[in-house]
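S.K.: Give me a 3D structure for the following:
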Amino acid sequence: MRALRIVPLAVAALLGAQAHAAPMGFKESWMAMGDLSPNWREGFANYAFTPRDAIGPSLLYMRSDDKTKSRELAEVAYTRLLKRWNMPHAQANVWFVGGLGAVRGNDFSGTRTMASPGIQVDYETTRVYAMGFARLYRAEGINHDYAAARLGFSFYEVDYDEVQPWFVVEARRMRGLSDMTEITPMLRLIHNRYFVEAGVNNSKQLRFNFMYTF
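M.R.: Below you'll find the model as predicted:
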């Protein structure tokens, strides 16, 4: 019985270390993450004060496709692991991610209070990854609700301490700033504490993302 328990636990540990989709790290860890492109620049850091809860600052810059409208949001974001399923060869999660802060825009004066509750659902093995994410960005007179979906696969298996290459495709859209769905194929290199990924979207814009847990 002990040997049977070790196998799923080892797979779960490998999946957790790969950190394909998790918006927070392990207990008492810090995570830094960035998502950088011409119309969307986001950076945040959080501290996991329990195995399921993390909190930290977040900065977000959003710009419309025609470059006439922009938003700058500074907030405190809270992340909560709502549910996790550890399967023999896979893991699935449901996350709450929400923030509260102040938003500035080039089409109104001063700042407005913005709330941004969201849900992320993801599924992953050591070879396949899928994620869906939806988040509301709401302030007085502002609705920039956001949705994204990802699918990806790894090129080959690696050991725990090796870098693994992945191919990921993401589709995302934001209300009020874009009339199109942005689609970005990306190459991702992932290790047990970090990943970096880069690609070019369907508007021929470069996109670069990173994550590091320490």
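
S.K.: Of all the residues in the helix or strand hosting residue 99, which ones are buried?
M.R.: Secondary structure assigned from DSSP states H and E places residue 99 in strand 90-105. The neighbour-count check on strand 90-105 (16 or more other CB atoms under 10 Å) flags 90-91, 93, 95, 97-99, 101, 103-105 as buried. C-beta: built from backbone N, CA, C; applies to glycine.

S.K.: which sections of this structure are below the confidence cut-off?
M.R.: 1-21 (pLDDT under 70).

S.K.: if you set the cut-off to 80 instead, what comes out?
M.R.: Scanning the chain for pLDDT under 80 picks out 1-21, 160.

S.K.: Select the longest strand from it.
M.R.: Taking DSSP state E as the criterion, the chain has its longest strand at strand 70-87.

S.K.: in its sheet, what does that strand sit against?
M.R.: Here strand 70-87 is paired, per DSSP bridges, with strand 53-63 (antiparallel), strand 90-105 (antiparallel).

S.K.: export the ones you listed to a markdown table and tack on distance to residue 43?
M.R.: What follows is the strands paired with strand 70-87, written out as a markdown table (distance: least, CB to CB, whole Å):
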| stretch | distance to residue 43 |
| --- | --- |
| strand 53-63 | 5 |
| strand 90-105 | 13 |
